[in-house]
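>>> just need the structure, nothing else, for what follows:
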Amino acid sequence: MIINRSFSSSLSNKERFGSLKSFVLLVVIAILATSNTYAQAGFETIDGLRYLIDYYAKTATLTANNGGEKYSGNIVVPEKVKANDGVEYPVTAFGSNAFKDCDGLQSIIIPSSVTSLGNYCFSECI
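Numbers count the residues shown, from 1 in each chain. This is a model prediction of the structure:
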């Protein structure tokens, strides 16, 4: 009877170990899938303007400048930008807060390729 119990208990541990391996495998797959999603986009500064390049959708979104420096003067946004990978991406959007608090902004030319403006895109501009 004791032999049967330990044998049964040992099978149970193997089954638990198999379930744990399956769980760990699922977690690793989820992490890889998530990291792949983030790898499909990246920030680049092109001609003084900061863009979020979506490599999968093949689009660029103008974003707020990095480091707190605000855009100023006369801004001309091109229809397409050439990213570091050598590909040209159409500028299709201005991100949320892209020009927020840009007191020194005098004018901006928005290309026809831009189809959406993010929340508070021009908030607090004078």
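
>>> surely residue 67 is in a helix?
Yes: assessed with DSSP: H, G, I helix; E, B strand; the rest coil, residue 67 lies in a helix.

>>> separation between it and residue 112?
Here residue 67 is placed at a distance of 30 Å from residue 112 (CB to CB, to the nearest Å). Every C-beta, even on glycine, is put in place using the N, C-alpha and C of the backbone.

>>> same check, this time on residue 71
Residue 71 is 20 Å from residue 112, by CB to CB.

>>> more neighbours, the two?
Between residue 71 and residue 112, counted using other CB atoms under 10 Å, residue 71 has the larger neighbour count: 20 against 6.

>>> roughly how far does that one sit from residue 102?
Distance from residue 71 to residue 102, by CB to CB: 5 Å.

>>> give me the mean pLDDT for stretch 75-91.
Stretch 75-91 comes out with an average pLDDT of 95.

>>> report the buried residues of it.
75, 77, 78, 81, 83, 89, 90, 91 (16 or more other CB atoms under 10 Å).

>>> out of those, which sit inside helices?
Among those, no residue falls in helices (DSSP state H).

>>> which two in those are spaced the farthest apart?
By the measure CB to CB, 75 and 83 form the most distant pair in those, at 19.1 Å.

>>> quick one: residue 58 and residue 91 touch, right?
No: between residue 58 and residue 91 there is no contact under CB atoms under 8 Å: 11.6 Å.

>>> what segments of the chain are helices?
Secondary structure of the chain (DSSP H): helices at 2-38.

>>> any low-confidence regions in it?
1-39 (pLDDT under 70).

>>> and with 50 instead?
35-38 (pLDDT under 50).

>>> how is it carved up into domains?
1-39, 41-117 (automatic domain parsing).

>>> straight-line length of the last one, end to end?
Across its full length, domain 41-117 reaches 19 Å end to end, with CA to CA, to the nearest Å as the criterion.

>>> do the same with stretch 82-97
End to end - CA to CA - stretch 82-97 spans 23 Å.
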